[in-house]
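[1] prediction below, plus the sequence it came from.
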Amino acid sequence: MNLGAQVDVADLVSRAQAERADAVLVSQVVTQREAHLAGARQLSAAFRAAYAEGGPLLVVGGPRFDPGMTGDLGVDKIFGRGTTPREVASYLVHMLAPEPAGAGAA
C-alpha cells in the first residue's frame, strides 16, 4: 500500500500497526542537511517504541543513502542509488516468504 509523499512518522507507525504490515519501505530524496539520515533515525526510533519486539522490516532508500549504515540508522536494509524495483522485491521475498518445507534439509 502506498501512503504517498510526506507521511508523518506517527501516522506511518499507526498505519503499519493497523495493517499488520510485514515491511515498511520509505524512500527519502530530500537530503539537505542530511534530512534523510535524521528521518531514518526518527522512523527507526518510533517503530522500536511502538513494537515491543517483532515489528515490521524497516527498509529505507534514496540516492544519498549509504547501504553500509543500516546499524547506525537502526533499519533492516538500505537501498542506495541505482537500486531497481526488482532488487527490492527480491529482498522482500527472501526475507518474508517462508522457506519451503524440506528446502533446508541436506
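    Okay, I see it.
[2] when you work out contacts or count neighbours from here on, use the C-alpha atoms and nothing else.
    OK.
[3] quick check, pLDDT for Ala35.
    Looking at Ala35, its pLDDT reads 86.
[4] for Gly54, same thing?
    pLDDT for Gly54: 82.
[5] so it lies in a strand, does it not?
    No - Gly54 is assigned coil when assessed by DSSP: H, G, I helix; E, B strand; the rest coil, not a strand.
[6] which elements pack onto the longest helix along the chain?
    If you go by DSSP state H, the chain has its longest helix at helix 35-50. Using 3 or more CA pairs under 8 Å, 6 or more residues apart in numbering; DSSP states H and E, the elements in contact with helix 35-50 are helix 9-19, helix 70-73.
[7] can I get those in a markdown table including mean neighbour count, distance to Leu96 and mean pLDDT?
    As requested, these are exported to a markdown table (neighbours: other CA atoms under 10 Å; distance: least, CA to CA, whole Å; pLDDT from 0 to 100):
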| stretch | mean neighbour count | distance to Leu96 | mean pLDDT |
| --- | --- | --- | --- |
| helix 9-19 | 14 | 16 | 95 |
| helix 70-73 | 14 | 18 | 95 |
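[8] quick one: which of those is nearest Ala35?
    helix 70-73 (12.3 Å; CA to CA).
[9] which outside residues touch that closest one?
    Contacts to helix 70-73, defined as CA atoms under 8 Å, 6 or more residues apart in numbering, come from residues 37, 40-41, 44, 76-78.
[10] what subset of those residues is buried?
    Neighbour-count burial (16 or more other CA atoms under 10 Å) applied to those gives 37, 40, 44, 77-78.
[11] is the residue nearest the centre of the chain bridged to anything, and to what?
    Most central in the chain under CA atoms, centre = their mean is Val59, positioned 1.7 Å from the mean C-alpha point. Assessed by DSSP bridges, Val59 has beta-bridge partners Leu25, Lys77.
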